[in-house]
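Peer 1: what's the 3D shape of this:
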Amino acid sequence: MLALNASIEAAREGEAGRDFAVVADQIGKLATDSATAVLNTKELIGKTVEEINKGNKVTEETAEGFERIIGELENFAKTTKETSEMAKDQSQALLQVEQGINQISLITS
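Peer 2: Just a heads-up that it's a prediction; the model follows:
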C-alpha cells in the first residue's frame, strides 16, 4: 500500500517526483521481500514444530523403554534376593543334617 501511494504521488509530481518514484519502487521490493521472508519464517517454524514433536515422541518412547527396563531389573533383584534367602535356608538345613549325622556317628562309634 505504501509503495502504491508513493508511486501515485511520484506520478503526480512528474519529473520532480522521479527520485521519489525510485524510493517507491524500492519500498515495493522491500514489501515483497518482507512477505517472502514471512512465508519462509512460517515454513521454518512449522518444520521446527514438527521436529520438536518427533523429538518429544522419541523421548517418550525412550522413557517408556527405561521404565520397562527398571521394572525388569526390580523383578530380577527381587528374584535374586529370594533365591539368596532360599539358599541361606538350605545351607542352614544342611548344617543341621550334618550335625545330626555327626551325633549319630558319635553314638554308633
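
Peer 1: Where does Thr41 sit, in terms of helix or strand?
Peer 2: Remark: Thr41 resides in helix 18-108, with elements defined by DSSP states H and E.

Peer 1: Could you name the helices and strands sitting against that helix?
Peer 2: helix 2-13 (3 or more Cβ pairs under 8 Å, 6 or more residues apart in numbering; DSSP states H and E). Yep, even glycine has a C-beta here, placed from its N, CA and C like the rest.

Peer 1: residues touching Arg32, list them.
Peer 2: Careful, residue 32 is Thr; it's not Arg. Counting by Cβ atoms under 8 Å, 6 or more residues apart in numbering, Thr32 touches no other residue.

Peer 1: Relative to Leu39, how far out is it?
Peer 2: Going from Thr32 to Leu39 by Cβ to Cβ, to the nearest Å gives 11 Å.

Peer 1: Using CSV, write out every CA atom in stretch 88-104.
Peer 2: Provided in CSV are the C-alpha atoms of stretch 88-104 (Å, rounded to 0.1, in the frame of the first residue of the first chain):
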residue,chain,number,x,y,z
LYS,A,88,20.7,-69.5,53.1
ASP,A,89,17.8,-71.5,54.5
GLN,A,90,19.0,-74.7,52.6
SER,A,91,22.5,-74.1,53.9
GLN,A,92,21.2,-73.9,57.5
ALA,A,93,19.2,-77.1,56.9
LEU,A,94,22.2,-78.9,55.6
LEU,A,95,24.2,-77.8,58.6
GLN,A,96,21.6,-79.3,60.9
VAL,A,97,21.6,-82.5,58.9
GLU,A,98,25.4,-82.6,59.2
GLN,A,99,25.2,-82.1,62.9
GLY,A,100,22.6,-84.9,63.2
ILE,A,101,24.9,-87.2,61.2
ASN,A,102,27.8,-86.3,63.5
GLN,A,103,25.7,-87.1,66.6
ILE,A,104,24.6,-90.4,65.1
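
Peer 1: That concludes my questions; thank you for your assistance.
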